[in-house]
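K.L.:
Give me coordinates for this.
(one chain, ligands or ions: 1)
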Amino acid sequence: MSTPEQSTSEVNKAIPNGIAVPDFDLPFPDKSEIITSNLLKLIDLTPNERHKSIFKNLVTHIHQFINETSITTEEWMNTVQFLTRVGQTCSPIRQEFILLSDVLGISALVDSLNNPPVQGATESSVLGPFFTEDAPDVEQGDSIASEGSGQYMYVEGTIKSIHGDPIENAVIETWETNDHGFYDVQYKDREKADCRGRLRTGKDGKYGYRAVVPIAYPIPGDGPVGELLIATGRHNMRPNHLHLMVEAPGYRKLVTSLYPKGDDFLQSDAVFGVKKSLVVDLEDVNDDAEARRRGFPKGGSFKLLHFDVTLVPEVEAEKAREEFAQLRSKNAPA
Ligand SMILES: [Fe+2]
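P.N.:
Residues are numbered from 1 along each chain as shown. You can find the predicted model right below:
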């Protein structure tokens, strides 16, 4: 559409981005390797040093990958179409790119590099796509799950620092599947949060709440990422787990999950979230009186999950991350 001040010819003129021609000429890319070196010379113009460094590395590796695999034109077009469909599958409530990042191990790798192990600290795990902001506040001993959502489970422990002090007022966000292997957000008729809650520790750092035993579940398999897993002969299951996100002032926020022992998928998790230290025992408590004392309406028996969460002071966590990054860059090939 032309505005009154513009003639049709002006409007139709393609507009360049305003960046000047570089003060050097690139050799004509008559050989495949000249394409790569030309692009790297252009990337040198990137004003932001961090962007320059990341982009140089990315281009070097992608061009090397194309060279080494001798990708055919058809294969490359299939790749482009695949990525197009990944984008088209995304919606306000579905993120197929995160799923792709998850199944390629990238989410777990980024998490692992940013949260290197610190002696004595609880290890992190992937956030996953099912966290929501609308978890209800629950008191100590309350249930995060509606009655009938699954087998009773009581979760308890202490939130403390790596130096041993209990942490008061830590906020714990926790979420899990029901006994059908679904998160509440996967139900179209969801009216309110279920199988998720938010609670705070008291002075002694202790926490405890009622929940249900989570169930192993498949990550969405009806999109291009599902097709990728089938094409590569991989199942799309995650072992059963309870998500925890713990925040306390002055400490590095911890996003993690606890994985009960015995699940078939512990060592082939589709998204690489399980770490050995996060595999936990569920204790059988067959004591009707104890079940009722803990607030389970039908009594009977329940599973007990006891886990102490250990947080790292922010300053120490950042130091560990920087040291780990330096160590890797020192060991990286030039
Ligand atoms: Fe999950």
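K.L.:
Which strands or helices does the lengthiest helix in the chain pack on?
P.N.:
Ranked by residue count and defined by DSSP state H, the top helix of the chain is helix 49-69. Judged by 3 or more Cβ pairs under 8 Å, 6 or more residues apart in numbering; DSSP states H and E, helix 49-69 is in contact with helix 32-43. In short, each C-beta sits where N, CA and C put it, glycine included.
K.L.:
buried sites along the helix it packs on?
P.N.:
Buried residues in helix 32-43, counting neighbours by 16 or more other Cβ atoms under 10 Å, are found at Thr36, Leu39, Ile43.
K.L.:
from what I can see the last one touches Lys52, true?
P.N.:
Translated: Ile43. Yes: in terms of Cβ atoms under 8 Å, Ile43 counts as a neighbour of Lys52; the distance is 6.1 Å.
K.L.:
now, which of the buried residues of helix 32-43 sits nearest Pro129?
P.N.:
Closest to Pro129 out of the buried residues of helix 32-43 is Ile43 (32.7 Å), distances taken as Cβ to Cβ.
K.L.:
Need the pLDDT of that closest one.
P.N.:
With respect to pLDDT, Ile43 has a value of 98.
K.L.:
ok so, going back, who touches the longest helix of the chain?
P.N.:
Residues outside helix 49-69 that contact it (Cβ atoms under 8 Å, 6 or more residues apart in numbering) are Ser32, Ile35, Thr36, Leu39, Leu40, Ile43, Asp44, Thr46.
K.L.:
what about 7 Å?
P.N.:
Thr36, Leu39, Leu40, Ile43, Asp44, Thr46 (Cβ atoms under 7 Å, 6 or more residues apart in numbering).
K.L.:
How about stretch 266-277?
P.N.:
Stretch 266-277 is touched from outside by 102-103, 105, 107-108, 123, 125-126, 219, 234-239, 257, 259, 279, with contacts defined as Cβ under 7 Å, 6+ apart.
K.L.:
Quick check on those residues: which are buried?
P.N.:
102-103, 107-108, 123, 125-126, 219, 236-239, 257, 259, 279.
K.L.:
between those, which is nearest Ala211?
P.N.:
Ser257 (13.0 Å).
K.L.:
what is the rounded mean pLDDT of the helix or strand containing the closest one?
P.N.:
Using DSSP states H and E, Ser257 sits within strand 254-260. Taken as a whole, strand 254-260 has a mean pLDDT of 97.
K.L.:
Would you mind putting the CA coordinates of it into CSV?
P.N.:
The C-alpha coordinates for strand 254-260 follow below in CSV (Å, rounded to 0.1, in the frame of the first residue of the first chain):
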residue,chain,number,x,y,z
LEU,A,254,17.6,-25.5,41.0
VAL,A,255,15.5,-27.2,38.4
THR,A,256,15.6,-30.9,38.8
SER,A,257,13.5,-34.1,38.9
LEU,A,258,13.5,-37.2,41.0
TYR,A,259,13.4,-40.6,39.2
PRO,A,260,12.1,-43.6,41.2
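K.L.:
The next helix or strand after that strand packs against which elements?
P.N.:
Counting by DSSP H and E, the next helix or strand C-terminal to strand 254-260 is strand 279-280. Here strand 279-280 touches strand 254-260, going by 3 or more Cβ pairs under 7 Å, 6 or more residues apart in numbering; DSSP states H and E.
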